[in-house]
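Enquirer: Okay, here's the prediction I keep looking at, along with the sequence it came from:
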2 protein chains.
Amino acid sequence: MCQLLGLNCATPTDAVFSFTGFRRRGGATDTHADGWGVAFFEGRGVRLFIDPDAAARSPMADFLQRYPIRSRNVIAHVRKATTGAVALENTHPFMRELWGRYWVFAHNGDLHGHQPKLHRHFRPVGDTDSERAFCWLLQELDKSHASLPPVPELTATLRELIPHISRHGTFNFLLSCGDAMWAHCSTHLHYRVRDYPFSRATLADEDWTIDFSTVTQPGDRVAVIVTTPLTRDEVWIPFAPGELRVFVDGAPMTDTGT
Amino acid sequence: MCQLLGLNCATPTDAVFSFTGFRRRGGATDTHADGWGVAFFEGRGVRLFIDPDAAARSPMADFLQRYPIRSRNVIAHVRKATTGAVALENTHPFMRELWGRYWVFAHNGDLHGHQPKLHRHFRPVGDTDSERAFCWLLQELDKSHASLPPVPELTATLRELIPHISRHGTFNFLLSCGDAMWAHCSTHLHYRVRDYPFSRATLADEDWTIDFSTVTQPGDRVAVIVTTPLTRDEVWIPFAPGELRVFVDGAPMTDTGT
């Protein structure tokens, strides 16, 4: 199994506070020490950092903790290998291009017997059930839309596709194309929206309290989506099993239902 | 225009010496300060670092200079923007997946009026002539082979495809799928093979002399391909205009002709 972290933001925001707590779960406060990765959208471009070492001890994670990258969509993952060896090609997030946009995906859970026909362009490079599921999702999105559709249409298509995968096991995932972030829960996923007036927060995995009111502007808003709550003093909203939510500009879209 | 650096190695090798000199051309010893990137193959996986800042002043490049990543195929690029704004999505190298393998591409030169029909899967995300050319190359490779063919077959296909692009301008490029590295010269490209018995080398762009015999094993072999020679005391072989060479296990394949 693994853990997921996503940030969807109204304005470009650095993820250092959340990432600092999250990376500790990669071999320090938790056992997800078989690689980690983080993707930052910046305009249409993506900075993708992947590393088969433990996040808690990774020099590259140390660097990112000191080097704030401002992004409106961030997806991070710490891995505990179940299918697929500990290897760079099996390290989340995965990235592909569709409709002239990069798509980034990370998954928590095991899928059993999900061997879809991948007859179009998207092929897994590594050996994980996760990358295979991502390739199938993109293949089917590609069949359903000739070009990038509006977010609600994409959400509707994903809602039709997800059950074909989730019936094979646990399919908690984060997905983004830079405009929005989709989050699906099979078992464990929580979110919190940080917005004005901002308050204080203390990491659950590290001794760090931040007063967000001192580091934000009134127009900032960030939705943080994570497997288990990142902080000990904020209210986190659990997803229901089977729930898909889409986040845009730092808040859940209200018309997406469950 | 831009500059290119490639390493193709018999054994996983760190690129710190070559990268240290090369990055100086991104805003210190030369004017290519509009972004930089470097891709390291590790097995089938790729670590891709891209940054729209100047390589010579980039904290991420500082980090990579201190953090040796061992790879058998490395492609680096420093950019001087001609087409496409200075933006992450226009920063080389570019990466796509084809036949279940990642492909990495970087280009030096300007192409004029190259507006091929991109009717299959590969679409540019950014605005550069370079990414468009890469997408077309992958589209045509995909049409020509149902799955990953042997290196000589791929080389033969590339030899047919390249003139369709190079007649539009300057098309110096590096391309790798992790097994081999293809290097095409329109105007400026040089290479050198470092192998046993190893000797000393002094960077052209920084005050650093290394004695490779103290840091290598007899089985090591590295082909370094670069726009202009990286060192002041090694013999560099210039490519001829129009020449395509493919490097495998740290040496040029001899059956590829020109």
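Expert: Looks like it came in fine.

Enquirer: export whatever helix or strand A:Ala223 lives in as CSV, just CAs?
Expert: Take DSSP states H and E as the rule and A:Ala223 turns out to sit in strand A:221-226. The C-alpha trace of strand A:221-226 is given here as CSV (Å, rounded to 0.1, in the frame of the first residue of the first chain):
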residue,chain,number,x,y,z
ARG,A,221,-7.2,29.0,-1.1
VAL,A,222,-5.8,25.4,-1.0
ALA,A,223,-7.5,22.1,-1.0
VAL,A,224,-5.3,19.4,0.6
ILE,A,225,-6.2,15.8,-0.1
VAL,A,226,-4.4,13.1,1.8
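
Enquirer: now that strand: mean pLDDT?
Expert: Averaging pLDDT along strand A:221-226 yields 98.

Enquirer: For the next helix or strand after that strand, which helices and strands make contact with it?
Expert: Downstream of strand A:221-226, the next assigned helix or strand under DSSP H and E is strand A:237-238. Packing partners of strand A:237-238 (3 or more CB pairs under 8 Å, 6 or more residues apart in numbering or on different chains; DSSP states H and E): strand A:190-195. Using the backbone N, CA and C atoms, a C-beta is placed for each residue, glycine as well.

Enquirer: hmm, who's touching the strand it packs on?
Expert: Defining contact as CB atoms under 8 Å, 6 or more residues apart in numbering or on different chains, one finds that strand A:190-195 is touched by A:183, A:201, A:212, A:220-229, A:231, A:234-239, A:245, A:247, A:250-252.

Enquirer: With stretch A:8-17 instead?
Expert: By CB under 8 Å, 6+ apart, stretch A:8-17 touches A:7, A:38, A:40, A:42, A:64-65, A:68-74, A:76, A:176, A:180-181, A:201, A:203, A:208, A:210, A:217, A:219-223, A:225, A:247-251.

Enquirer: Of all residues in the stretch 151-258 of chain A, which one is closest to chain B?
Expert: A:Gly178 (9.5 Å; CB to the nearest CB).

Enquirer: quick one: low-confidence parts of chain A?
Expert: Counting by pLDDT under 70, chain A shows low-confidence ranges at A:255-258.

Enquirer: For the longest strand along it, buried residues please.
Expert: For chain A, the strand reaching the highest residue count under DSSP state E is reported as strand A:2-14. Counting neighbours by 16 or more other CB atoms under 10 Å in any protein chain shown, one finds that the buried residues in strand A:2-14 are A:Cys2, A:Gln3, A:Leu4, A:Leu5, A:Gly6, A:Leu7, A:Asn8, A:Cys9, A:Ala10, A:Thr13, A:Asp14.

Enquirer: Could you list the alpha-carbon positions for that strand in CSV?
Expert: Output of strand A:2-14 as CSV, limited to C-alpha atoms (Å, rounded to 0.1, in the frame of the first residue of the first chain):
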residue,chain,number,x,y,z
CYS,A,2,1.0,3.6,-0.2
GLN,A,3,0.0,7.1,0.8
LEU,A,4,-1.3,10.0,-1.4
LEU,A,5,-1.0,13.8,-1.1
GLY,A,6,-2.6,16.3,-3.4
LEU,A,7,-2.8,20.1,-3.4
ASN,A,8,-5.2,22.0,-5.6
CYS,A,9,-4.7,25.8,-5.2
ALA,A,10,-6.4,29.0,-6.3
THR,A,11,-3.0,30.7,-6.7
PRO,A,12,0.5,29.2,-7.1
THR,A,13,1.4,27.9,-3.7
ASP,A,14,4.4,26.1,-2.3
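
Enquirer: Can you tell me the strand partners of that strand and which way each runs?
Expert: Note on strand A:2-14: by DSSP bridges, its sheet partners are strand A:70-79 (antiparallel), strand A:221-226 (antiparallel).

Enquirer: Looking at those, which is nearest to A:Ser18?
Expert: Between A:Ser18 and the strands paired with strand A:2-14, the shortest separation by CB to CB is 5.8 Å, and it involves strand A:221-226.

Enquirer: Other residues contacting that closest one?
Expert: Outside strand A:221-226, the residues within contact range by CB under 8 Å, 6+ apart are A:3-11, A:13, A:18, A:22, A:174, A:181, A:183, A:189-196, A:230, A:236, A:247, A:249-252.

Enquirer: what sits against the residue lying closest to A:Thr82 once chain neighbours are set aside?
Expert: Among residues not flanking A:Thr82 along the chain, A:Asp110 sits closest, at 5.3 Å (CB to CB, 6 or more residues apart in numbering or on different chains). Counting by CB under 8 Å, 6+ apart, A:Asp110 makes contact with A:Met1, A:Thr82, A:Thr83, A:Asp129, A:Gly169, A:Thr170.

Enquirer: number of nearby residues for the fourth one?
Expert: With neighbours defined by other CB atoms under 10 Å in any protein chain shown, the count for A:Asp129 comes to 23.

Enquirer: and it, how far is that from A:Thr82?
Expert: For A:Asp129, the distance to A:Thr82 (CB to CB, to the nearest Å) stands at 8 Å.

Enquirer: Let me know the secondary structure of A:Leu161.
Expert: helix (DSSP: H, G, I helix; E, B strand; the rest coil).

Enquirer: Revised request: answer the last question for A:Ala156.
Expert: Of the three states, A:Ala156 takes helix according to three-state DSSP.

Enquirer: Near chain B, which residues of the stretch 101-250 of chain A are found?
Expert: Residues of the stretch 101-250 of chain A that fall close to chain B, judged by CB under 8 Å from any CB of the partner chain: A:Arg101, A:Tyr102, A:Arg120, A:His121, A:Phe122, A:Arg123, A:Pro124, A:Val125, A:Gly126, A:Asp142.

Enquirer: Show me which of these are buried.
Expert: Buried among these (16+ other CB under 10 Å): A:Arg101, A:Tyr102, A:His121, A:Phe122, A:Arg123, A:Pro124, A:Val125, A:Gly126.

Enquirer: Let me see the contact set for the fifth one.
Expert: For A:Arg123, the contact set (CB under 8 Å, 6+ apart) comprises A:Cys135, B:Glu97, B:Trp99, B:Gly100.
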